[in-house]
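>>> Provided below are the primary sequence and the corresponding predicted coordinates.
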Amino acid sequence: MTRVARANTVIVGSGPGGATVARELARSGDDVIILEKGGYHRWPVGSVLAYATMYDIKKSKDGVLVRRGITAGGSTMLYSGNAYDPPSFLKEELGIDLAAEVAETKKELSIQPVPESFYRGYRGTMRMVGAASELGFRMRPQERFIDPELCDPACDRCLFGCSRGAKWTAREYLADAVEAGARLFVRHNVVKVLSSGGSAEGVLARDRYGQKRIMANRVILAAGGIGTPIILKKSGIADAGGHFFTDPMSVMAGTMKDGAGTYHEMTYTFADESMAGEFVVGTAGAVNAFMAQIAALHLAYLPNGMRMKRLAGMFVKLCDEPSGSIDEDGTMHKRLTDADERRMAEGVDRARRIMIRAGVVPGTISVAKGIGGHPGGTAAIGRIVGSDLQTAIRNCYVCDNSVMPRSGGIPPVLTLIALGKKAARSVFAA
Ligand SMILES: Cc1cc2nc3c(=O)[nH]c(=O)nc-3n(C[C@H](O)[C@H](O)[C@H](O)COP(=O)(O)OP(=O)(O)OC[C@H]3O[C@@H](n4cnc5c(N)ncnc54)[C@H](O)[C@@H]3O)c2cc1C
């Protein structure tokens with residue numbers, strides 16, 4: 001028997017898109033249910049076991065790895081916590097001005113560049129920064145969703161989840177939403193949107209007891225750049241899933257001549273953004289640089305795990321073309337186009353020069369290629385949703401990274417929070 005629950009608004013997914021909208025709507029008095037496919041994981045947070053529990057890591061048919069979080073809070077549970085202003089095309093080409101919401105969020109969450117006191121003791125990272133400067137590249141200390149007072153600068157486990165509560169995650173907004181009356185159902189996998197006469201009337205979900213209908217006057221999909229198009233396709237919007245981008249990275253690891261690597265130094269503390277829109281080059285902690293080699297099955301690199309203190313890392317994050325697609329069964333098609341490959345090669349060459357100048361032995365540099373973490377584009381504004389984020393099914397909206405028409409080549413969480421706030425206060429408030 002199919003069980004039934006009711007709300008005015010059902011929100012699917014609890015990452016920065018879904019949690020922000022849920023918090024705004026619940027605070028304004030709306031009757032909200034949030035459905036989240038993952039669990040509310042606690043014990044793996046901060047441990048390497050996060051990879052086995054909260055992560056979903058899949059390879060596209062063409063060899064690009066894509067990582068996302070399947071857990072309450074979505075991918076923010078596993079993100080680095082770097083904050084970037086929205087890409088300029090949102091305002092210039094789509095007329096979406098998020099300046100007020102970005103300023104509000106930065107103030108509310110005290111987003112600021114990491115202070116000098118935080119990275120003063122970093123040896124390997126600062127050598128990379130110095131080497132970059134000698135080569136004419138400026139690496140900037142990053143703005144982060146991190147409270148430097150609570151954060152341990154020698155931890156470098158942001159990607160496993162933060163056990164110290166130093167990193168903002170969407171779980172904070174979820175908690176606010178629940179406090180304001182929203183109901184959060186975890187381990188609910190939404191299959192499709194239910195509609196009648198072209199208008200949404202709820203969703204069909206599966207939990208461990210079987211099928212459940214959650215009936216609602218409107219549905220807001222925020223299941224991310226992979227989850228949302230799968231639901232849309234199963235709901236009859238066949239064109240969803242195209243124009244897929246992921247911002248794939250090349251993560252590089254190498255051995256420092258004299259041992260001063262980036263072990264116990266936080267990943268993505270500094271970055272050179274002079275080529276943003278094409279690629280960004282940043283510093284990486286030794287453990288993350290090593291783990292990336294293993295994830296890319298560079299198994300010959302395994303013995304370097306014994307010499308972790310000598311390892312130093314860097315990454316190149318590519319602004320890839322929206323050339324991929326996702327099938328209804330979740331199969332991903334994503335390869336780097338020739339133009340992507342050229343830009344990636346340029347970024348890797350820049351990072352390699354910086355590493356060698358900083359003292360990395362050239363022959364030890366290993367490059368794990370094509371690791372994406374910002375899936376989007378698959379329900380883009382102007383293609384699948386209108387400027388009001390509504391799909392072809394009336395009262396069914398999307399508010400997550402899938403609505404971005406193309407990649408900005410920069411981490412998107414601040415943009416998604418600002419977009420969620422703006423949408424909740426304008427189109428969803430009506
Ligand atoms: C390792 C890593 C590091 C990153 N670092 C940064 C960074 O420093 N800064 C930054 O801005 N961004 C970073 N990102 C990217 C960022 O985390 C994501 O782009 C962002 O969280 C996307 O938000 P979203 O709301 O679109 O989707 P998500 O955060 O992925 O949330 C989607 C949610 O929907 C749920 N869901 C999926 N399918 C269903 C379904 N069928 N039914 C119910 N629920 C479903 C998922 O479980 C998930 O909780 C990083 C990502 C990764 C993986």
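In hand now; what should we look at? Residues are numbered from 1 along each chain as shown.
>>> What strand or helix carries the residue of the stretch 151-300 of the chain found nearest the ligand?
The ligand sits closest to Gly227 of the stretch 151-300 of the chain, with a gap of 2.6 Å, by Cβ to the nearest ligand atom. Where C-beta positions appear, they are placed from N, C-alpha and C, glycine not excepted. Counting by DSSP states H and E, the element that carries Gly227 is helix 224-234.
>>> who does that helix touch, helix- and strand-wise?
With contacts taken as 3 or more Cβ pairs under 8 Å, 6 or more residues apart in numbering; DSSP states H and E, helix 224-234 sits against strand 9-12, strand 65-69, strand 189-196, strand 218-221, strand 325-326.
>>> Show me what the helix or strand following the third one is packed against.
If you walk from strand 189-196 toward the C-terminus, the next helix or strand you reach (DSSP H and E) is strand 199-207. Contacts of strand 199-207 with other secondary structure elements, assessed using 3+ Cβ pairs under 8 Å, 6+ apart, are made with strand 9-12, strand 189-196, strand 210-215, strand 218-221.
>>> Tabulate these (CSV), appending mean pLDDT.
Listed next are the helices and strands packed on strand 199-207 as CSV, based on pLDDT from 0 to 100:
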stretch, mean pLDDT
strand 9-12, 98
strand 189-196, 98
strand 210-215, 97
strand 218-221, 98
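>>> Adding distance to the ligand, write the ones you listed out as a markdown table.
Listed next are the helices and strands packed on strand 199-207 as a markdown table, based on distance: least, Cβ to the nearest ligand atom, whole Å:
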| stretch | distance to the ligand |
| --- | --- |
| strand 9-12 | 5 |
| strand 189-196 | 4 |
| strand 210-215 | 11 |
| strand 218-221 | 9 |
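>>> could you redo those strands as JSON lines and give each row distance to Ser117?
Below are those laid out as JSON lines (distance: least, Cβ to Cβ, whole Å):
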{"stretch": "strand 9-12", "distance to Ser117": "39"}
{"stretch": "strand 189-196", "distance to Ser117": "45"}
{"stretch": "strand 210-215", "distance to Ser117": "48"}
{"stretch": "strand 218-221", "distance to Ser117": "41"}
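>>> Would you mind giving these as a markdown table with mean neighbour count added?
Listed next are the helices and strands packed on strand 199-207 as a markdown table, based on neighbours: other Cβ atoms under 10 Å:
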| stretch | mean neighbour count |
| --- | --- |
| strand 9-12 | 29 |
| strand 189-196 | 18 |
| strand 210-215 | 16 |
| strand 218-221 | 28 |
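>>> The ones you listed: which one's closest to Ala50?
Nearest to Ala50, of all the helices and strands packed on strand 199-207, is strand 189-196, at 20.2 Å by Cβ to Cβ.
>>> any residues touching that closest one, and which ones?
Identification of contacts with strand 189-196 by Cβ atoms under 8 Å, 6 or more residues apart in numbering yields 12, 35, 37, 200-207, 213, 215, 219, 221, 223, 231-232, 234-236, 393, 396.
>>> make it 6 Å
If you take Cβ atoms under 6 Å, 6 or more residues apart in numbering as the criterion, strand 189-196 is touched by 12, 35, 37, 200-206, 219, 231, 234-235, 393, 396.
>>> what's the nearest residue in space to Asp152 that is not next to it in sequence sitting at in phi/psi?
In this structure, Asp152 finds its nearest non-sequential neighbour in Arg164, 6.5 Å apart by Cβ to Cβ, 6 or more residues apart in numbering. The phi/psi pair for Arg164 (degrees, to the nearest 10) reads phi -100, psi 0.
>>> What's the local residue count around Arg164?
Neighbourhood size, Arg164 [other Cβ atoms under 10 Å]: 14.
>>> Roughly how far does the residue of the stretch 151-300 of the chain closest to the ligand sit from Ile381?
Gly227 sits 18 Å away from Ile381, taking Cβ to Cβ, to the nearest Å as the criterion.
>>> What's the mean pLDDT across stretch 343-359?
Across stretch 343-359, pLDDT averages out at 98.
>>> Buried residues, it. List them.
Neighbour-count burial for stretch 343-359, with 16 or more other Cβ atoms under 10 Å as criterion, is recorded at 343-344, 346-348, 350-352, 354-359.
>>> Poorly predicted segments of this protein, please.
430 (pLDDT under 70).
>>> how about the residues of it that lie near the ligand?
Counting by Cβ under 6 Å from any ligand atom, the chain comes close to the ligand at 12-18, 35-38, 67-70, 74-76, 78-82, 159, 189-190, 222-225, 227, 231, 373-374, 400-401, 411-413, 416.
>>> Need the buried ones from those residues selected in PyMOL.
A single PyMOL command selects the buried members of those (16+ other Cβ under 10 Å):
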select buried, resi 12+13+14+15+16+17+18+35+36+37+38+67+68+69+70+74+75+76+78+79+80+81+82+159+189+190+222+223+224+225+227+231+373+374+400+401+411+412+413+416
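>>> Please parse this structure into its domains.
With domains defined by automatic domain parsing, the chain comprises 3-57+69-108+165-239+377-425, 113-144+248-372.
>>> mind listing what the one residue sitting closest to the centre of the chain touches?
In the chain, the residue lying closest to the centroid (Cα atoms, centre = their mean) is His374, at 4.6 Å. Contacts were defined as Cβ under 6 Å, 6+ apart; by that measure His374 touches 247, 412.
>>> give me that answer again for 8 Å
Contacts of His374 by Cβ under 8 Å, 6+ apart are 225, 245-247, 401, 407, 411-412.
>>> which one of those is nearest Glu321?
Nearest member of the contacts of His374 to Glu321, counting by Cβ to Cβ, is Phe245, at 7.0 Å.
>>> From the contact counts, what lies against the top helix by length along the chain?
Counting by DSSP state H, the longest helix found in the chain is helix 338-358. Using 3+ Cβ pairs under 8 Å, 6+ apart, the elements in contact with helix 338-358 are helix 124-134, strand 249-255, strand 279-284, strand 311-318.
>>> Go again with 10 Å.
Judged by 3 or more Cβ pairs under 10 Å, 6 or more residues apart in numbering; DSSP states H and E, helix 338-358 is in contact with helix 124-134, strand 249-255, strand 270-272, strand 279-284, strand 311-318, strand 366-372.
>>> can you tell me the residue of the stretch 51-200 of the chain closest to the ligand?
Gly74 (2.6 Å).
>>> Burial check on Leu94, number of neighbours?
Leu94: 14 surrounding residues under other Cβ under 10 Å.
>>> For it, give me phi and psi.
Leu94 has phi and psi values of phi -110, psi -10 when expressed as degrees, to the nearest 10.
>>> if I pick it, what's in contact with it?
381-382, 387, 403-405 (Cβ atoms under 10 Å, 6 or more residues apart in numbering).
>>> next one: Asp388
Contacts of Asp388 (Cβ under 10 Å, 6+ apart): 381, 397, 423, 426-428, 430.
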